[in-house]
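Here's my sequence, what's the structure:
(one chain, ligands or ions: 1)
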Amino acid sequence: MGLRLRQARECSRGSMTHVFHRQLKAAMPVAAKGDGPYIVDTEGKKYIDASGGAAVSCLGHSHPRVIQAIKDQVDQIAFAHTGFFTSEPAEQLADHLVSRAPGQINHVYFVSGGSEAVEASLKLARQYFLEKGEGQRSLFIARRQSYHGNTLGALSVGGNEWRRTPFAPMLIDAEHVSPCYGYRDRQPDESDEAYGLRVADELESRLKEVGPEKVIAFVAEPVVGATAGALAPVPGYFKRIREICDKNGILLILDEVMCGMGRTGTLFACEQDGVAPDLLATAKGLGAGYMPIGAMMCTSEIYDTIRNGSGFFQHGHTYMGHPTACAAALAVQRAIEEDDLLANVRTMGDKLDAALHDRLGNHANIGDIRGRGLFRGIELVADRVSKEPLDPGLKIDGLIKREAMERGLICYPGGGTIDGKQGNHVLLAPPFIINETHVAEITEKLGDSIEAALRAAGV
Ligand code: PLP
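Here you go, the predicted model:
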């Protein structure tokens, strides 16, 4: 099949760092224009953006109200450093988020992306205990098969060893327990609830072994994205996790960078599990790609401890609270509410799930189709009974991506490590504005791409 993708070296004029990107390496079209759920390249080819890039573009592309908000803000003032000024969009965005946040989350700290939001959460959690005179706490417990970002602190808590190992030793101490991965780990005679308690109790056992007084926090994504393909927990898992954190005096940090801001059908993914964290990291859908922005949110207990202690959080970045980024994010969040898009996420999410099951549910190499809202994952396997992952040497994720791009589909294939082997899934995170026609287009193109990739791999 003739690929229309061009060599990155040809189109980049050589000075950009395309060669450092793992996925497409040598072949990359040039994005020219956005049009709702579509991206159009310089050759006029249209791609349906079924993953919002990496679960970013939740409003689709070229949204007029967001563009107008950015223009208006730049006309007023593009940037004012938070060391000297606050700004109206930053204040309003903070109010908007806090008034909708779960539990006692009452404060927001803006940063420029997901890794920064996680870093800020880790550091604030550490500083919280330092201010309480509990400086002996230095350990974080997170989960295998997780991704929390690529900066050194976020990498330390991330659960994929291949990402961490080359950069060891890490500045932050972290240990990893099992993720809640029912498709692979639930015993045949075990109910979802019993499984959820069993796997959550691993945290309690580990706390007993290391001593809870040495631990700062447990870190987890409510619905795991890039490393496990929209892996949602079983009912009761996070409630038990919350109980264990409280009982042992450690904090709960939820990373909603990918699954948050409406992606799963509620503004915060953890709402569906009936829990609220002490710290929450968000990004991606917050600004929907119109501007780079992330946020760390925390409870009054944490905020007040620091305010009444040293008085300031020992952290900061030049672009935090960037007025134009905040104006864009505020317009995105308002559009989601004004257009009742969370209802559409739930309706279209159910339709996408049904369509994926119809098209791929009986395929010999599809082990699981899962997710919540417009956050869906399709796990590929060599064998549906043994659930054995495909041979990593086939590099099926690269093949799926190539076939999808050829067909005008943007999806997000990836994989975490399963029992030491690379697993494979395709992640879908289309814009909240999609309709049934888009669902049909995504499903058809994805089905064709997966089948073509498996054929090309000789499976
Ligand atoms: N946390 C999660 C759950 C993510 O999925 C990501 C990015 O994919 C990050 C953190 C890091 O965000 P960023 O790439 O914006 O630094």
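
and the end-to-end length of stretch 233-252?
16 Å (C-alpha to C-alpha, to the nearest Å).

Just the buried residues of that stretch, please?
For stretch 233-252, the neighbour count (16 or more other C-beta atoms under 10 Å) marks 233-234, 236-242, 244-245, 248, 250-252 as buried. Where C-beta positions appear, they are placed from N, C-alpha and C, glycine not excepted.

What are the contacting residues of that stretch?
Residues outside stretch 233-252 that contact it (C-beta atoms under 8 Å, 6 or more residues apart in numbering) are 125, 128, 137, 141, 180, 182, 186, 192-193, 195-197, 199-201, 203-204, 207, 212-213, 215-218, 220, 222-223, 270, 273-279, 302.

that older thread, looking at the buried residues of stretch 233-252, which is nearest the ligand?
Pro233 (14.3 Å; C-beta to the nearest ligand atom).

distance of that closest one from Ala117?
According to C-beta to C-beta, to the nearest Å, Pro233 stands 21 Å off from Ala117.

Show me which residues of this structure sit near the ligand.
Along the chain, the residues adjacent to the ligand under the rule C-beta under 6 Å from any ligand atom are 54, 113-115, 118, 147-149, 221, 225-226, 255, 257-258, 283.

In helices, which of the residues you listed fall?
Those of the residues of the chain next to the ligand mapping onto helices are Ala54, Gly114, Ser115, Val118, per DSSP state H.

who are the neighbours in contact with whichever residue of the chain sits closest to the ligand?
Nearest to the ligand, among the residues of the chain, is Gly114, at 2.1 Å (C-beta to the nearest ligand atom). Applying C-beta under 8 Å, 6+ apart, we find Gly114 in contact with Gly149, Asp255, Val257, Met258, Ala281, Thr282, Ala283, Lys284, Gly294.

Surely the fifth one is in a helix?
Read that as Ala281. No - Ala281: not assigned to a helix; according to DSSP: H, G, I helix; E, B strand; the rest coil it is strand.

wait, what's in contact with it?
114, 117-118, 120-121, 148, 253-257, 294-297.

Ser300: neighbour count?
12 (other C-beta atoms under 10 Å).

Could you give the secondary structure assignment for the residue nearest to Arg372 when sequence neighbours are not counted?
Using C-beta to C-beta, 6 or more residues apart in numbering and skipping the chain neighbours, the partner closest in space to Arg372 is Thr264 (4.0 Å). Three-state call for Thr264 (three-state DSSP): coil.

and Thr264, how far is that from Gln73?
From Thr264 over to Gln73 (counting by C-beta to C-beta), the distance is 29 Å.

coming back round to it: out of the contacts of Gly114, what pair is the most spread apart?
Gly149 and Thr282 (12.3 Å; C-beta to C-beta).

okay, the two: which has more neighbours?
Between Gly149 and Thr282, counted using other C-beta under 10 Å, Thr282 has the larger neighbour count: 28 against 24.

Across the sheet, point out what pairs with that one.
Beta bridges link Thr282 to Ala295, judged by DSSP bridges.

what does the model give it for pLDDT?
On pLDDT, Thr282 comes in at 98.

what does Ser138 give?
The confidence metric pLDDT takes the value 96 at Ser138.

Domains in this protein, by residue range?
Following automatic domain parsing, one finds the domains of the chain at 8-62+340-456, 77-338.

out of those, nearest to Ala69?
domain 77-338 (3.5 Å).

Flag the shaky bits of the stretch 251-400 of the chain, pLDDT-wise.
Scanning the stretch 251-400 of the chain for pLDDT under 70 picks out nothing.

if I look at Arg186, how far off is Ser205?
18 Å.

Neighbour count: these two, which is higher?
Arg186 (18 against 10).

Test my guess that that one contacts Glu193.
No - applying C-beta atoms under 8 Å as the test, Arg186 and Glu193 come out as separate, 10.5 Å apart.

center of the protein, which residue is that?
Nearest to the geometric centre of the chain sits Met258, at 1.8 Å (C-alpha atoms, centre = their mean).

what's that one sitting at in phi/psi?
With angles defined as degrees, to the nearest 10, Met258 sits at phi -100, psi -40.
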